[in-house]
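Trainee: Task: produce atomic coordinates for the following.
(one chain, ligands or ions: 1)
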Amino acid sequence: MIDWHCHLLPGVDDGSKNFDESLAMGRLLIEAGFTEVYCTPHCLHGAYDNTPQRVQQATASLQQAFQEADLNLRLHPGMEYYLDEMFIQNIDQVQPLGDTRLVLVEAPQQARPEVLTDALFQLRRHKWIPVIAHPERCILFDQACSGRDVSAVTLLGKLWPFRKKSSPQGMPVKQTFLQVLVNMGCRFQGNISSFAGLYGPEVRQQAHAHLICGLYDYFGTDGHDARSLKRNLSRGLEKLAEAKASGNPKESSCKL
Ligand SMILES: [Fe+2]
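Mentor: Residues are numbered from 1 along each chain as shown. Have a look, this model is predicted:
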């Protein structure tokens, strides 16, 4: 299993505080079945001014510490970019997820959609593939079906007017903001803990809705510390597996 989003690097953001904590987090990830982790500290102008060079060095140091501690976990450098107006200024120096073309980005809760789409468009122009972190936690991406019945059949029915193609009745097609992003080529990463209810029932329902629609391409722990990982990781994985089994996301695969 791969953790696509984790604040595992010590002392670079609000995640792990030191090497000991990173090692404790690593042990929990291995116990849960992870073999690879993308280390994705925040990059937020004025708060966490992380650079690709700093993250690459920190990842290499932590990988060395893991090897010395006999922890078999492969680490890759990454970043979680906060998509505010400042992001575009540094778009020429982006740290992707390892050696992929994927760039993990986070939408500010209060973001104006045009600021967000502009930043995402610029990323696409530079041939990057934006991966939107935990869309279930951001109100901008709420689906019409949120907070209601999340069974596959009713969801498909409710989402029909929002799908790309015309309905059989020839109804006009509405584009949701989420669908605009899908059509731009964005990808989506769900937080495993969202399925355990870590962020509350509304986020959990939204995560279910996204899962059933086949929105998610990747999952991550978004782990910030060992205590929280210990409390939520195994339960989150359990609930995610249950949701996948009950919703048949592959079969529905409507992706909006
Ligand atoms: Fe994060």
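Trainee: now for whichever helix or strand Gln53 is part of, which elements pack on it?
Mentor: Using DSSP states H and E, Gln53 sits within helix 52-68. Applying 3 or more C-beta pairs under 8 Å, 6 or more residues apart in numbering; DSSP states H and E, one finds that helix 52-68 makes contact with helix 19-32, strand 36-39, strand 74-77. The C-beta positions use only the backbone N, C-alpha and C, and glycine is treated the same way.
Trainee: Got the phi and psi for the closest residue to the ion within the stretch 151-256 of the chain?
Mentor: Going by C-beta to the ion, the ion is nearest to Asp222 of the stretch 151-256 of the chain, at 4.4 Å. Backbone dihedrals for Asp222, given as degrees, to the nearest 10, come out at phi 50, psi 30.
Trainee: Among the helices and strands packed on helix 52-68, which comes closest to the ion?
Mentor: Relative to the ion, the nearest member of the helices and strands packed on helix 52-68 by C-beta to the ion is strand 36-39, separated by 10.8 Å.
Trainee: Is there proximity between that closest one and the ion?
Mentor: No - using C-beta under 5 Å from the ion, strand 36-39 never reaches the ion; the gap is at least 10.8 Å.
Trainee: now do stretch 1-11
Mentor: No - counting by C-beta under 5 Å from the ion, no contacts exist between stretch 1-11 and the ion, the nearest distance being 5.6 Å.
Trainee: any weak-confidence spans in the stretch 151-256 of the chain?
Mentor: Low-confidence segments of the stretch 151-256 of the chain (pLDDT under 70): 151-175, 247-256.
Trainee: shouldn't Pro96 be in contact with Leu102?
Mentor: Yes - contact criterion C-beta atoms under 8 Å: Pro96 and Leu102 qualify, at 5.8 Å.
Trainee: Which residues are in contact with each of these two?
Mentor: Jointly contacting Pro96 and Leu102 under the rule C-beta atoms under 8 Å, 6 or more residues apart in numbering are Trp128.
Trainee: and Pro81, helix, strand or coil?
Mentor: To be clear, residue 81 is Tyr; Pro isn't right here. Counting by DSSP: H, G, I helix; E, B strand; the rest coil, the backbone at Tyr81 sits in strand.
Trainee: Report pLDDT for it.
Mentor: Per-residue confidence (pLDDT) for Tyr81: 96.
Trainee: For it, which residues are in contact?
Mentor: 43, 87, 94, 103-106.
Trainee: For Gly190, give its distance to Leu178.
Mentor: Using C-beta to C-beta, to the nearest Å, we find Gly190 at a distance of 13 Å from Leu178.
Trainee: Number of residues surrounding Pro201?
Mentor: Using other C-beta atoms under 10 Å, Pro201 has 9 other residues around it.
Trainee: ok, now Gln67?
Mentor: If you count neighbours by other C-beta under 10 Å, Gln67 ends up with 11.
Trainee: same deal with Lys127?
Mentor: Counted with other C-beta under 10 Å, the neighbours of Lys127 add up to 7.
Trainee: same thing with Arg204?
Mentor: Other residues lying near Arg204 total 20 when counted by other C-beta under 10 Å.
Trainee: go on, Asp14?
Mentor: 13.
Trainee: go on, Ile129?
Mentor: Using other C-beta under 10 Å, Ile129 has 17 neighbouring residues.
Trainee: List phi and psi for it.
Mentor: When quoted as degrees, to the nearest 10, the phi and psi of Ile129 stand at phi -110, psi 110.
Trainee: That one bridge partners, please.
Mentor: In this entry, Ile129 is beta-bridged to Leu102, by DSSP bridges.
Trainee: ok so, going back, how close does the residue of the stretch 151-256 of the chain closest to the ion sit to Leu140?
Mentor: Taking C-beta to C-beta, one finds Asp222 at 18 Å from Leu140.
Trainee: Out of Gly190 and Leu178, name the residue with the larger neighbour count.
Mentor: The residue with more neighbours, out of Gly190 and Leu178 and counting by other C-beta under 10 Å, is Gly190; that gives 28 against 22.
Trainee: what helix or strand does the more buried one sit in?
Mentor: With DSSP H and E as the criterion, Gly190 is inside strand 187-191.
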